[in-house]
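Peer 1: Provided below are the primary sequence and the corresponding predicted coordinates.
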Amino acid sequence: WSTMTEPIPQNKRSPFADSIPSLRSIIRPVLILLASVICLLCFFELSWTLVISFSILAILNFIADIMTCILLVPPFLQRGSGNALGMDRSRFPTYWDSATIEGPSAFGFSCVDIEIPLATKFLRGCLIPCEGTLKAVIILSHGAGRDRRSFLRHCRFLIANGYSCLIYDSRNHGLSDQIGPSGTALATLEWQDVVAAVQWARRAFPSSTKIVLMGTSTGASSSILATALDADCAASVAGIIAENPFASAVELTADIADHLLVKGLLCKGRPGLYAGLLP
């Protein structure tokens, strides 16, 4: 995969272009809403109060649909092209330095590109061998909207202490294949990616080799679910390191909506106003 130091040209578009529904999908519910209002007024002779209430509920549902699109296809998600990972620096987290963006060569790692079969598709990543005697293989799973580079800054410590690192792009991220709808499924499907990575490691290393799962956010929850839902995976894994996993996608969605809409848009960072809105 690419270790280019110059950013790869990107098409000029809004960062939310992958998240916001198309104009056609926006017009359709609006037309349905107008037709419903006309039917309610003309045929059922309902009061304006009920019609307005219905309209408000429909608008709130439409906003919820947009929020769902943004949540499942994060605006910072970028796919790779060919053998090169995305290099749009405006989408990287601020704590990613230039070396992390560039890739393993910037850290002096020698890595082997790998393809992990998943049904008829492939997940792609690389294996970074450890220094000295191998203690375990650590499979590192990134969070939603990121890619294999998320854990590069951890790998230096790990490989120096005898742990080989398998970093990969989950489905619909980085250079891995498109599998199902675009974006993330918040671990409800990505756990299968972890199982596939464990199966690959089990075939690639001696049976006595310990396998450890390490993940953050969606990657952490996926690692936990993989061992809970697949008995063979659980039998192959010696342990899990889970950084900020979430127990419920519903609660996660509600928390993100609260942070973006209520704290960010409505209260605009004013804690007093936010406290006053609490039930």
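Peer 2: It's in. Fair warning: this is a prediction, and the values are worked out from it, not measured in the lab.

Peer 1: so where's the stretch 1-150 of the chain uncertain?
Peer 2: Counting by pLDDT under 70, the stretch 1-150 of the chain contains low-confidence residues at 1-33, 37-38, 40-48, 50-51.

Peer 1: Now do the helix or strand that Ile211 is a member of: everything it contacts.
Peer 2: Ile211 is part of strand 210-216, with elements assigned from DSSP states H and E. Strand 210-216 is contacted from outside by 135-143, 150-151, 154, 163, 194, 198, 201-202, 205, 221-223, 226-227, 236-245, using CB atoms under 8 Å, 6 or more residues apart in numbering. In this view, the C-beta of every residue, glycine as well, is placed from N, C-alpha and C.

Peer 1: try 6 Å
Peer 2: Under the contact criterion CB atoms under 6 Å, 6 or more residues apart in numbering, strand 210-216 has outside partners 136-141, 143, 201, 223, 236-241, 243.

Peer 1: For Ser55, state which of those residues is nearest.
Peer 2: Closest approach to Ser55 among these (CB to CB): Gly143, at 37.4 Å.

Peer 1: Distance of the nearest residue to Leu229 once chain neighbours are set aside relative to Gly86?
Peer 2: Residue nearest to Leu229 in three dimensions, not counting chain neighbours: Trp191, with 6.2 Å by CB to CB, 6 or more residues apart in numbering. Counting by CB to CB, to the nearest Å, the gap from Trp191 to Gly86 is 24 Å.

Peer 1: same deal with Thr68?
Peer 2: For Thr68, the distance to Gly86 - CB to CB - is 23 Å.

Peer 1: between these two, who's got more neighbours?
Peer 2: Gly86 (22 against 14; other CB atoms under 10 Å).

Peer 1: and that one, which of the three is it?
Peer 2: Three-state call for Gly86 (DSSP: H, G, I helix; E, B strand; the rest coil): coil.

Peer 1: roughly how far apart are it and Arg124?
Peer 2: Plainly put, Gly86 is 13 Å away from Arg124 if you go by CB to CB.

Peer 1: Enumerate every residue touching Phe107.
Peer 2: Residues counted as contacts of Phe107 (CB under 6 Å, 6+ apart) are 99, 156.

Peer 1: Ramachandran angles for it?
Peer 2: For Phe107, the backbone dihedrals are phi -100, psi 0 (criterion: degrees, to the nearest 10).

Peer 1: swap in the one 5 residues further on?
Peer 2: Summarising the backbone geometry of Val112 under the convention degrees, to the nearest 10, its torsions are phi -110, psi 120.

Peer 1: thought it was touching Leu127?
Peer 2: Yes - between Val112 and Leu127 there is a contact under CB atoms under 6 Å: 4.8 Å.

Peer 1: Just to be sure, which of the contacts of strand 210-216 are found in strands?
Peer 2: 136-141, 237-241, 243 (DSSP state E).

Peer 1: Including distance to Ile52 and neighbour count, could these go into TSV?
Peer 2: Shown next, in TSV, are the ones in strands among the contacts of strand 210-216 (distance: CB to CB, whole Å; neighbours: other CB atoms under 10 Å):
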residue	distance to Ile52	neighbour count
Ala136	62	16
Val137	60	23
Ile138	57	25
Ile139	54	28
Leu140	52	26
Ser141	47	31
Val237	55	22
Ala238	60	11
Gly239	56	12
Ile240	51	17
Ile241	52	14
Glu243	46	14
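
Peer 1: Specify which member of those is nearest to Ala35.
Peer 2: Ser141 (45.7 Å).

Peer 1: What's the local residue count around Leu57?
Peer 2: 10.

Peer 1: do you know how far it is from Ala64?
Peer 2: Leu57 is 10 Å from Ala64, by CB to CB.

Peer 1: And Phe76, by the same measure?
Peer 2: 21 Å.

Peer 1: Okay, strands next: where are they in the stretch 1-150 of the chain?
Peer 2: 112-118, 121-128, 136-141 (DSSP state E, counting those that start in this stretch).

Peer 1: Deepest in the core, which of those is it.
Peer 2: strand 136-141 (a mean of 25; mean count of other CB atoms under 10 Å).

Peer 1: tilt between that one and strand 121-128?
Peer 2: 130 degrees (axes from the mean of the first three to the mean of the last three CA atoms, to 10 degrees).
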